[in-house]
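1. Return a 3D structure for these sequence lines:
(chains A and B)
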Amino acid sequence: MTVLDVLSAALLVGGSLAVIAGGVGVLRLPDLYTRLHAAGVTDTLGALLILSGLAVHAGWSIVTVKLVLTLLLLWATSPVASHALARAAKAGGIEPLLHEARRG
Amino acid sequence: MIFAVAAFAILGTMGLALGRAFLGPTLFDRILAANMFGTKTVLLLAVIGFLDGRPEFLDIGLLYAMISFIGVIAVLRFYEIGRFSPVDEEDAS
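-> As a prediction, this is how the structure comes out:
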């Protein structure tokens, strides 16, 4: 087991933890906008850790290029989808859950 | 071995997203869950490619990411302006 294997395994385990934390957040958090935040974590941090873990395992090849492309695509599209979702929800009349002191 | 662990973690997260899609309560929660399910599918495809030693799965993952993004944006646009065609000048207020 080389150093790169250990690094790859660590990245994959970290990515798995980030992904599971985001999944639990999506199920457990109280309103839409907080759930949006939890989903964003899995789409950016989880994808970064898991795909870079795979890239470390693959070494320098076309596979790594494809992994980087996938990561860049996810990074470009996921925040756009989150933003569009929040915008549509606000237009659809969903109000964020505020602390008592900030309720109008 | 480590790939199987990552694959099961992603599968578990997809199950949690399905739970949110089932519980709702609003339309947007379901779209959020579907969007998250789509991005997790991309990660799962990448990991499965390494699990089998067939990294060609990455191409499918790339394509799936694009299609799932277009789908989510299309549904949200449809909800926001009520139709798929562009808004006319006289209708825009």
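
2. from here on, contacts and neighbour counts on C-alpha atoms
-> Will do.

3. What is the neighbour count of A:Gly15?
-> 25 (other Cα atoms under 10 Å in any protein chain shown).

4. was I right about it contacting A:Ala47?
-> Yes. Applying Cα atoms under 8 Å, one finds A:Gly15 in contact with A:Ala47, separated by 7.0 Å.

5. burial measure for the residue in chain B that chain A sits nearest to, as a count.
-> Going by Cα to the nearest Cα, chain A is nearest to B:Thr13 of chain B, at 4.9 Å. Residues lying near B:Thr13 (other Cα under 10 Å) number 25.

6. Tell me the helices and strands packed up against the one helix or strand it maps to.
-> With secondary structure defined by DSSP states H and E, B:Thr13 is part of helix B:2-23. Helix B:2-23 makes packing contacts with helix A:3-28, helix B:27-52 when contacts are defined by 3 or more Cα pairs under 8 Å, 6 or more residues apart in numbering or on different chains; DSSP states H and E.

7. For these, give me TSV that also has distance to A:Ala58 and mean pLDDT.
-> Conversion of the helices and strands packed on helix B:2-23 to TSV gives the following (distance: least, Cα to Cα, whole Å; pLDDT from 0 to 100):
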stretch	distance to A:Ala58	mean pLDDT
helix A:3-28	9	89
helix B:27-52	9	89
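
8. Those helices into TSV, with extra columns for distance to A:Arg102?
-> As requested, these are arranged in TSV below (distance: least, Cα to Cα, whole Å):
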stretch	distance to A:Arg102
helix A:3-28	23
helix B:27-52	24
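
9. Any idea which of these gets closest to A:Ser78?
-> Closest of the helices and strands packed on helix B:2-23 to A:Ser78 is helix B:27-52, at 8.1 Å (criterion: Cα to Cα).

10. angle of the closest one against helix A:3-28?
-> On the basis of axes from the mean of the first three to the mean of the last three Cα atoms, to 10 degrees, helix B:27-52 is oriented at 160 degrees to helix A:3-28.

11. you'd agree the residue of chain B closest to chain A is up against A:Val19?
-> Yes. B:Thr13 lies in contact with A:Val19 (Cα under 8 Å); the separation is 6.6 Å.

12. and stretch A:71-85, C-alpha only, in PDB?
-> The C-alpha coordinates for stretch A:71-85 follow below in PDB (Å, rounded to 0.1, in the frame of the first residue of the first chain):
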ATOM      1  CA  LEU A  71     -15.900  18.200 -11.400                       C
ATOM      2  CA  LEU A  72     -15.800  21.500 -13.300                       C
ATOM      3  CA  LEU A  73     -19.200  20.700 -14.800                       C
ATOM      4  CA  LEU A  74     -20.700  19.900 -11.400                       C
ATOM      5  CA  TRP A  75     -19.200  23.000  -9.900                       C
ATOM      6  CA  ALA A  76     -20.600  25.200 -12.700                       C
ATOM      7  CA  THR A  77     -24.100  23.700 -12.800                       C
ATOM      8  CA  SER A  78     -24.900  22.900  -9.200                       C
ATOM      9  CA  PRO A  79     -24.700  26.500  -7.800                       C
ATOM     10  CA  VAL A  80     -26.700  27.700 -10.800                       C
ATOM     11  CA  ALA A  81     -29.400  25.100 -10.100                       C
ATOM     12  CA  SER A  82     -29.400  26.000  -6.400                       C
ATOM     13  CA  HIS A  83     -29.800  29.700  -7.200                       C
ATOM     14  CA  ALA A  84     -32.600  29.100  -9.700                       C
ATOM     15  CA  LEU A  85     -34.300  26.900  -7.200                       C
END
